[in-house]
Each structure stands twice: as structure tokens, then as C-alpha cells.
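Undergrad: Structure, please.
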Amino acid sequence: MHRVLPALLLALGTTGSAQVQGHHIAVQITGWKNARIWLGNYYGRQTYITDSAELGGTGRAVFSGKQKYPSGIYFVLMPDRHQFFQILLGRHQDFSVEADTSDLAGKVVYQGDPDNDLFSGYNHFLQKIDDRQRQLSIQLNQSRSPADSARVAQQRKVIGQEIYQYRKSFIAAHPSSLLAEIFRAMLDPEPPSVPTLADGRKDSLYAFRYAKDHFFDGVNFSDSALLRTPIYESRLQTYFDHFVTPFPDSINEEADRLLSRARANREMFKFTLWWLTYNYETSRYMGMDAVFVHLVERYYVPGDAYWLTKDQNDKIIQRAYTLAANLIGEKAPELDLLDSSLREHISLYGIEARYTLVVFWDPTCGHCQVEIPEMDSAYRKSWKKMGVKVLAIRTGGTKEQWTDFIRDHGLGDWINAWDPANQTNYRRLYDVYMTPVVYLLDSDKKILAKKLGVRELSDFLDHLSKLRKQGT
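TA: Now for the predicted structure:
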């Protein structure tokens, strides 16, 4: 689905017939007939189509099968692939539902489950909240003073508290329901009274530490139902974005702690490990590939990713081994190269400089044709004064194209080299599968930064220069 599903839960809890071992969901739609509808589900924040059924001439369709669906939030998608309503599937999956397309939020009636009135009550509660929120948005747009905006903000805070209290009351009244399990996972921890420090001051970090330590208290890791809602993935994102220090060691520690809890259920473990692996392998932040390498070494190498084939697992392990050679903070692999004449040997570790900028580039690459001259301009303007030397390594193009580009763009002040026989295996050791690829090394050839653009490199070098002046 291309449309973001709304927060409104048209939830369904069912008792059903004791004879039905699989699922039997009868759907009556007012507004459509002789057309196909679809049953779909969440998996994390993504949505997937699970089944389809044909509406007859009376607008009735049935989703049925011998197996029960895994518990979670599902949705019934209308023939226009735009309108839909949500249902909640739990232990009992024999029920019927009537829906009117003129108001899918308000005109949905469930039959066959005494819990439906409770869930409908929550839905109606949210409808009233939504009406109030719209009115507050209008008031905010019409506000003429900070005081007006403050009043709207206060009213929104009150609404938030009402929703919070509704969910807490629901949990207390119906603790074993699936909706209560979802609500528990959504609730943020409430810290007790802030303690007083020895010097008489209040502990200003106590609330943060408490929220972090208890952030997943409401998540039932022994049940995979939360995976078929957007709640668990949203909690993961919030936790690692806002509560975990963005350094690989800190992230690794928190990831291991969370995966230990997720082992209570194979599917919860699978999703959690997949989410962490994907997010840190593809992170836009420099250095997060160290988290990916840690996860692979700790979980994929021993074979904990049980859902993967051997070939799939081996590819992930190989990818991690490639990245492990060029992580931030590691010594850069040696490069024994030749200059353009093929006579002079050039060693990376033979270059004496405060900083060495290793650039892998191709004179026929469109990005390189733009970025290499920009890099040289920055080098001449400020980097050279900071003690930077550039080792530029040709990865493609002919020798003539390479030397012509060096001559035409005045790159003679760089150390220009190549590896004609590919003896250094630089593509694997430096993860060079596109160009340009850049590494910044310190005087000991330890990797300080990598895969940054010209502007980011300038900012990073400026930062290093400030640190040097401060003596840190």
C-alpha cells in the first residue's frame, strides 16, 4: 500500500466457534459488490497482502482457511485499493464484520465476539479525540499571540493525557486481551519521584536513565504478535535514536542486551536481529558499519540467523569481513603501488604526513570528474596547510585517460598511483565498488574518517584542527 495507514485501530477481539480451528472471517461491505477485496497485515511498519476474496452481488465475502493467522493488526482493503479498515486477529478467528464505505471509521459493526464493543468504544473515543485535534489545529493557525499558541499546546497536552489514561484503564480492565498487549507496548515508563543527590540537588538525569532502563518493559518478548503491528519497530527506532549514545561500542552493548531478551521468541529474535543488521549496515552515519560487523561476528558466524540459507548467511559474513578491514579506528591496510611510469614504487606507510587522504577514483567516472577537481581546490585552499597529503589511486580508465586528467586538472601535487596487477586487493580491503571512495588517515595510518564528500571532509578537518589547537 502506498498510503500510510492511520493510527486509528478498528480493533476486533473474537470468541468464535469452538469447532473452527482455522480462520473464518465474513465481511459484508456496503458500497461495493462484485469486486475483489484484500486482507493484509503489518510486519513492522511495512504492510503486506495476505489473502483476497471476491465480493458477491450482495457485497459479502469470506476469508477462510484451515490455519489461523498469526496474531496482530490486519486490514481489509477495498477494491479501489485506497479505502480500508483495520481488524485485530487474536486467538479466536471466527467472526463477521459489516462495514459501510461512506464512513469506514464510524460504521463498522462486529458480530461474534463480545470484546468488539470494547474495541469499538476505543475507536469512537479516538474519533472524538481526532475531532478535537482538528479544532485545535484550526485555532493554532488562527492564533495571534504566543499566549494563544501556549493555550493550544496545553490543550493538546491534556488530550495526550486522556489517551494515556484511557489505555492504562483499558489494560487494567482487560489485561489478557491483544489490544491490552499492544497498549502496554505503547506506554512509556513513568519514573518515580526524582531522588535528591548528596549535595541537595535533584538528579536531573534520573528520568532519562529510568526511561531508558524501562523502555521495553511493556513489550512481551515471548509473543510475536507485536511484530504484526507498527509498534515494536517504532519502539526500536525511538530507543536507538534517542536513548543510545551514537557510538558503535554503546550501540553494540544495547543491541546485545535487547537480542538477549528477544531470544524468548524465535520470530522476535529474527525480526530484532534483522532490523539491527539492516539499519546499521545501511546507516548514513559514518562508522556505524562497525555495529554491522559486530552483529555478524556474534550472531551470523555462529549460525544464529536460522532463517537464512547457507549461501545467504555466507554472503553476509563475507560482507562483514570486507568491512572489518576498514573500520574507523583501525589501521589502514598497506598499499604497495606504482606511479604512472611503472618504475617508482609507492607505499602507503612510506608517506609521512599528519593526515593522508586516500582517494580511489576513475577518470571516466562522472562523479569523479566533478568531485576530484573540487577536492583539489579544497586541498590547495586549506587541506595542504593542515598537513594533508593526497594519495590518489586510479581504479579504472586507460593510462592515457588517467594521465591526461592529472595534467589537465593540475593534480601534479598529489601522489598519483595505481595497482596494474591488482596485487594489493584494494577493492576488497577498502570496499571500493564505486568511485570516488575516500579515506582520511592520521600520521600512524589509522582510519579517522571515510566515504565523505568534499564539504564533509573540510568540516571534519576543521574540527580536527580545532582539537589540535585545544591540545585534545
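Undergrad: Kindly export stretch 145-159 (C-alpha atoms) in CSV.
TA: Extracted in CSV, the C-alpha atoms of stretch 145-159 (Å, rounded to 0.1, in the frame of the first residue of the first chain):
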residue,chain,number,x,y,z
SER,A,145,0.0,35.7,20.1
PRO,A,146,2.3,33.4,22.0
ALA,A,147,-0.4,33.1,24.6
ASP,A,148,-2.8,31.7,22.0
SER,A,149,-0.2,29.1,20.9
ALA,A,150,0.5,28.2,24.5
ARG,A,151,-3.2,27.6,25.2
VAL,A,152,-3.4,25.2,22.2
ALA,A,153,-0.2,23.4,23.4
GLN,A,154,-1.7,23.0,26.8
GLN,A,155,-5.0,21.6,25.4
ARG,A,156,-3.0,19.1,23.3
LYS,A,157,-1.1,18.0,26.4
VAL,A,158,-4.4,17.4,28.1
ILE,A,159,-5.6,15.3,25.2
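Undergrad: What residues sit buried inside it?
TA: Using 16 or more other CB atoms under 10 Å as the test for burial, stretch 145-159 gives V152, Q155, I159. Backbone N, C-alpha and C define where each C-beta goes, glycine included.
Undergrad: Redo those as a markdown table? Include secondary structure and distance to E254.
TA: Output for the buried residues of stretch 145-159, formatted as a markdown table (DSSP: H, G, I helix; E, B strand; the rest coil; distance: CB to CB, whole Å):
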| residue | secondary structure | distance to E254 |
| --- | --- | --- |
| V152 | helix | 37 |
| Q155 | helix | 36 |
| I159 | helix | 32 |
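Undergrad: With distance to P230 and pLDDT added, can I get those in TSV?
TA: Listed next are the buried residues of stretch 145-159 as TSV, based on distance: CB to CB, whole Å; pLDDT from 0 to 100:
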residue	distance to P230	pLDDT
V152	27	93
Q155	27	95
I159	21	96
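Undergrad: Dump the residues you listed to JSON lines, plus distance to R427.
TA: Output for the buried residues of stretch 145-159, formatted as JSON lines (distance: CB to CB, whole Å):
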{"residue": "V152", "distance to R427": "57"}
{"residue": "Q155", "distance to R427": "59"}
{"residue": "I159", "distance to R427": "56"}
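Undergrad: Out of the residues you listed, which is nearest to N416?
TA: Using CB to CB, V152 comes nearest to N416 of these, at 62.2 Å.
Undergrad: What sits closest to the most centrally placed residue in the chain if chain neighbours are left out?
TA: Nearest to the geometric centre of the chain sits N279, at 4.9 Å (CA atoms, centre = their mean). Leaving aside its sequence neighbours, N279 sits nearest to F240 (CB to CB, 6 or more residues apart in numbering; 7.5 Å).
Undergrad: what's next to whatever helix or strand that neighbour lives in, contact-wise?
TA: F240 is part of helix 231-242 when elements are defined by DSSP states H and E. If you take CB atoms under 8 Å, 6 or more residues apart in numbering as the criterion, helix 231-242 is touched by 44-45, 182, 185-186, 212, 215-216, 219, 226, 251, 254, 258, 271-272, 275-276, 279.
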